[in-house]
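1. Here is the input, now give the coordinates:
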Amino acid sequence: MKKKTVSICCFTDGLREYANGPALVAIDVIRATTTVVTAVAMGRECHVAPTLEAAIETAARLPNALLAGELGGDMPAGFEMTNSPAHLASRSDNTRPLVLLSSTGTRLMHEIRDSDSAYVACLRNCRASIDYLADNHDAVVLIGAGTRGEFREEDQMCCAWIADGLIKAGFVPDDLTTLSLVERWRGCPHDAFIVSRSVEYLRRSGQLRDLEFILNHVNDIDFACKVSANQVASLTVPAEV
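-> Model (predicted):
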């Protein structure tokens, strides 16, 4: 029987070509994939953009689009909000399609969009992603977005948690890096990543509400998310019988 495999890598190290079509999972906990999953959970149509120009073009063809995001930590001119899952969750205009831009996370989602098996995960749908991937794939690559060339702790932890769940479901780590990350983060508390420079950025910029939101919304969503043609949608995970 062919082995089921799981591996972890960082987008800023370069995204290599993968043979045999493994599932590719984009993870950017602070904050792009958390914002995207939150949008989908609210029933909002959700589009991701790799560049400022693409974000503006996408918003122009959608009715009453909500432009959100950041580049280098700054909200571009003409945007209504930054890349904030907490702010998005507080809004009531759910009929407006979201167009999201971020420095790294939405570029990663754009890069994997042409795969038949491209997914988006964060701590909110970590368990649901494990269940869906285990039931539907034999090879999974978990890709942390990375920030300023670093594989940040929050993305390491989320990748490791999903990998650990897949290992428990019968997968084997594809390399020593994956095994090492799983062993580092296995069983750690939800706030173990707060040493990250991403958290320091949220603290320094007065955006700790997003950290509180992330810590208070772990495994509270029961669906996986798939990205196709730069649009993200939910996938129902069948309930256990």
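2. Tell me the spacing between Tyr18 and Ser180.
-> To Ser180, Tyr18 is 21 Å away according to Cβ to Cβ, to the nearest Å. For every residue, glycine as well, the C-beta is placed using N, CA and C.
3. what's around Ser234, how many residues?
-> 18 (other Cβ atoms under 10 Å).
4. Okay, and it sits in which element?
-> Using DSSP states H and E, the element containing Ser234 is strand 231-236.
5. How far does that strand sit from its chain's centre?
-> Its chain's C-alpha centre lies 12 Å from the corresponding centre of strand 231-236 when counted by Cα atoms, centre = their mean, to the nearest Å.
6. and what of stretch 173-192?
-> 17 Å.
7. next one: stretch 87-104
-> For stretch 87-104, the distance from its own C-alpha centre to the chain's C-alpha centre is 15 Å (Cα atoms, centre = their mean).
8. And that stretch, what's buried?
-> Neighbour counts over stretch 87-104 (16 or more other Cβ atoms under 10 Å) mark His87, Leu88, Arg91, Arg96, Pro97, Leu98, Val99, Leu100, Leu101, Ser102, Ser103, Thr104 as buried.
9. And the first one, which helix or strand is it part of?
-> Assigned by DSSP H and E, His87 belongs to helix 85-90.
10. And that helix, what does it pack against?
-> helix 32-41, helix 208-215 (3 or more Cβ pairs under 8 Å, 6 or more residues apart in numbering; DSSP states H and E).
11. With respect to Ala145, which of the ones you listed lies nearest?
-> The minimum distance between Ala145 and these falls on helix 32-41, with 6.7 Å, by Cβ to Cβ.
12. same for that closest one, what does it pack against?
-> Judged by 3+ Cβ pairs under 8 Å, 6+ apart, helix 32-41 is in contact with strand 46-49, helix 85-90, strand 98-101, helix 105-111, strand 118-121, helix 208-215, strand 223-228, strand 231-236.
13. let's go with 6 Å and repeat that
-> The contact analysis (3 or more Cβ pairs under 6 Å, 6 or more residues apart in numbering; DSSP states H and E) places helix 32-41 against strand 46-49, helix 85-90, helix 105-111, strand 231-236.
14. right, and these - which one's nearest Leu66?
-> Nearest of the helices and strands packed on helix 32-41 (Cβ to Cβ): helix 85-90, 8.4 Å.
15. now the closest one, how far from the centre of its chain.
-> With Cα atoms, centre = their mean, you get 16 Å for helix 85-90.
16. before we move on, back to that, any residues touching the helix holding His87, and which ones?
-> Residues from elsewhere that reach helix 85-90, judged by Cβ atoms under 6 Å, 6 or more residues apart in numbering: Arg31, Thr34, Thr35, Thr38, Met81, Arg209, Asp210, Phe213.
17. How about stretch 128-145?
-> 4-11, 22-28, 104-105, 108, 121, 151, 155, 159, 162-163, 165-166, 169, 222-224, 235, 237.
18. give me that answer again for 7 Å
-> 2, 4-11, 18, 20, 22-28, 32, 104-105, 108, 117, 119, 121, 151, 155-156, 159, 162-163, 165-166, 169, 221-224, 235, 237 (Cβ atoms under 7 Å, 6 or more residues apart in numbering).
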